[in-house]
Structure formats: structure tokens, C-alpha cells
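J.: Fold the following for me, if possible:
(2 chains)
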Amino acid sequence: MKILLAEDDLISRRILEAILGKWNYDVISVTNGNDAVDKLLEKNAPLLVLLDWVMPDKDGVEVCRIIREKETTSPPYIILLTSKREKKDVAKGLDSGADDYIIKPYDENELRARLNVGCRMIELQNALAEKEKFQGVLEMAGAVCHEINQPLMTITGYSEFLLQGISEDNPQFNALHEIYVQGHRLGNITKQLMEITTYKTKRYLQREIVDIDQASQKKPENQEPNSKE
Amino acid sequence: MDLDQHTILVVDDEESIRDMLKMVFVNKKFKVKTAESAEAALELLKDENIYIMFLDLNLPGMNGIELCKKIRKNIPFAMIHAITGYASLFELSDCREAGFDDYFTKPIKLSMLLKTAKDAVEKINRWRKK
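T.: Numbering: from 1, shown residues only, chains lettered A, B, ... in the order given. Presented below is the predicted three-dimensional model:
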């Protein structure tokens, strides 16, 4: 799990880097509020954040406010780590958008446990997002199948009907046969859409699209339907 | 096989599908009646003796499943077939419970459709003789 550590004090930062490393976190360190914001706005930004309050440029509370204002489907889990210990500070910190608040000097075990809470929240968020995406895919697949299969039925029906009325050496046979075959190929694709059981995507130019073969766990049918059965 | 004594009912809200299926069945010497909704189908069945049916499931108003249940009550030995544009296993069990004899997803091969109609005729002829 990647974690963003924002701490301007050199010694505190080094100690935390060591402890977090010991706990197998992949640590990205910054020393001021501006860098913290920049890192969190990058693509594939860390989802777990350990944020000092008092820092140069922007302080921790300011960083929280800025990050929370951004619309995102994967908001980071932010823990404020600070020597400010008044109840009103705690309230201010949480109000600004922090998910948790640890007072320095911290107990190592407590820090570890609270970071774990953050990991659990992130995993839960990811699982929910996947579930929503999958629901969306199923709903779209249903709509697409239904709409496309209607006109498709007419196309394959008429082409099959016409093919039965002409012989193979008729000059129009090949074109008609191709319409029939491609029509049923479309029908096989909609059948695959109806069999989607998981959310799987593949790269398509700059974005991701649903990988129908993987998602329906079946290979596409390549056999040509026989027109003269 | 006295096909022309048997009428087929096709119920689908899409006109192009009704027309296409009618042409295909008439070409093979069946008599065909069509309806664009479940309500229209039920009206039709009041005056006609029809035992072979192909019902779209997704109809405006009453859906194909409800229509099948109603027909099943009144005409126990009707051969009722479902045709649908979207199919899931969930729908299949609904169809079985509603009383459908068979279930097809669009696009259907005409050869399969015609075989189904011919098999239905054979069954009905056989049952009526008993």
C-alpha cells in the first residue's frame, strides 16, 4: 500500500519513513503542504496519507480542505499527525476533512493500528466501487442486448429467408450469405453480453473498455452458421 | 401433415418482426395471426382457436410472462414459446414457472423456428387423437 508522508521535520520524517517501511508501506515523502497537494492530485496518487499539521507553505488542515474540495471516486484516507493536543484542534482537524487524528508523541502500536483502519476503509471503498461498476455494466449490457436483438432478428430472418430461395451459383448468393453470417455473428456477441459474470476491462487506445470475452469467460464463436439446414 | 388447419399466433410489439415471422410461416403454408400486445392477443384468442404461439416477453402493458400464465389457464394444451431479446438464467426459470414450452433468444434461426412449429403441430395432432 502506497502512503504519502508529509512531515517537514527531518528527524521525525526519517523515523516515520523507517517505521512505515518496516510495516511494508511504500512511502512517498514530502516536506511541505504544496508538495503534498501536488502528489495527491497526480494520477495513481497514494490513497493513505499521514499528514503533519504545522508545515511550511500550506499547513495540514489547508491540505485537507483543498483535497476534499476535489471531486474524486477514490478519496484518500487522511490521518493528521500533530503535537496540537487541544480538543478544539482535534475538532478543527477532523472538520477540515481528516479521517483520523493522532497526537504526538505517538504510540507506535496505536499508529500501526490506526493506519490499518485506513487500509480497511480503502479496501472497502474499492470493493464497493467495483460492485457499482459491475452493476452498471450489467444494466448497460441488458439494454444493449434488448435493443440490438430486435432489428437483428429482422435482418437475419429476411436474409435466411432469401437465401433459401436462391441457389449457390446465383450471383447474389455470396452477398446475402455474408449478411446472414455477420448478422448471426452480432447475435453471438449479444449472447456473450448476456453472459457477463465479472467486471473485466482491457486497454483501448487511451482508455479502458469492457473486455467482453474475459468478462463472460467464453471464447467468441467463430463457426459460420449453416444457411441451408 | 395438415399444416393449414393450424394457426400460429405471433405476439411482438415490433412491427418488422411480426411482418417477417408472418411471411416466413405463411410461406410454409401456416395460417398466421399477429398481435402487438398481450391485451390484443387475449382479445384475439376469444374468437380464434389457436394452439401454437410465439410470444415476445417484453411487451408494452402486460408482459409475455403474465400473458403465458393467462393463456395456460384457458388453453392447457397450447404450445407456447417465448422469444426474447435479453436472456438471463433468472428469466428462464420464470418462463418455466409461467408455463412456456420452450424459450428462444433473438435472433432465432428460421430453420429452428419452423422445426419448432412443425413439432408443435405433430404434438397437438397426437394429443387430440387420444
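
J.: Report the secondary structure state of residue B:107.
T.: Per DSSP: H, G, I helix; E, B strand; the rest coil, the local secondary structure of residue B:107 is coil.

J.: you'd agree it is up against residue A:182?
T.: No - taking contacts as CB atoms under 8 Å, residue B:107 lies outside contact range of residue A:182: 11.5 Å. For glycine as for every other residue, the C-beta is placed from the backbone atoms N, C-alpha and C.

J.: the more surrounded of these two?
T.: The residue with more neighbours, out of residue B:107 and residue A:182, is residue B:107; 27 against 14, by other CB atoms under 10 Å in any protein chain shown.

J.: Would you confirm that residue B:39 contacts residue B:66?
T.: No - the pair residue B:39 / residue B:66 is not scored as a contact, 10.6 Å apart, by CB under 8 Å.

J.: Can you pull the residues of chain B lying near chain A?
T.: Neighbours of chain A within chain B, by CB under 8 Å from any CB of the partner chain: B:14, B:16-17, B:20-21, B:23-24, B:27, B:58, B:85-88, B:105-111.

J.: now do 7 Å
T.: By the rule CB under 7 Å from any CB of the partner chain, the part of chain B lying against chain A is B:14, B:16-17, B:20, B:24, B:58, B:85-88, B:105-111.

J.: List buried residues within the residues you listed.
T.: B:14, B:17, B:20, B:24, B:58, B:85-87, B:105-110 (16 or more other CB atoms under 10 Å in any protein chain shown).

J.: Take the residues you listed and write them to CSV, including pLDDT.
T.: Output for those, formatted as CSV (pLDDT from 0 to 100):
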residue, pLDDT
B:14, 94
B:17, 95
B:20, 95
B:24, 95
B:58, 90
B:85, 84
B:86, 78
B:87, 71
B:105, 89
B:106, 90
B:107, 91
B:108, 92
B:109, 92
B:110, 94
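
J.: And those residues, which is closest to residue A:55?
T.: Closest approach between these and residue A:55, by CB to CB: residue B:86, at 55.9 Å.

J.: Determine the three-state secondary structure at the closest residue to chain B within chain A.
T.: Proximity of chain A to chain B (CB to the nearest CB) peaks at residue A:149, 3.7 Å away. Following three-state DSSP, we place residue A:149 in the helix state.

J.: From residue B:65, how far off is it?
T.: From residue A:149 over to residue B:65 the distance is 18 Å, taken as CB to CB, to the nearest Å.

J.: what residues are up against residue B:16?
T.: residue A:154 (CB atoms under 7 Å, 6 or more residues apart in numbering or on different chains).

J.: Give the burial count for residue A:17, as a bare number.
T.: Residue A:17: 16 surrounding residues under other CB under 10 Å.

J.: Now for it: which residues touch it?
T.: For residue A:17, the contacting residues are A:5, A:27, A:29, by CB under 7 Å, 6+ apart.

J.: Check residue A:74 too.
T.: Contact analysis of residue A:74 by CB under 7 Å, 6+ apart lists A:47, A:125.

J.: make it 8 Å
T.: Counting by CB atoms under 8 Å, 6 or more residues apart in numbering or on different chains, residue A:74 touches A:47, A:125-126, A:129.

J.: now that we have the residues you listed, which one has the most neighbours?
T.: Counting neighbours by other CB under 10 Å, the top entry in these is residue A:47, with 22 neighbours.

J.: That one is in contact with residue A:2, isn't it?
T.: Yes - taking contacts as CB under 8 Å, residue A:47 lies within contact range of residue A:2: 7.1 Å.

J.: For residue A:4, grab phi and psi.
T.: Per-residue torsions, residue A:4: phi -100, psi 120 (degrees, to the nearest 10).
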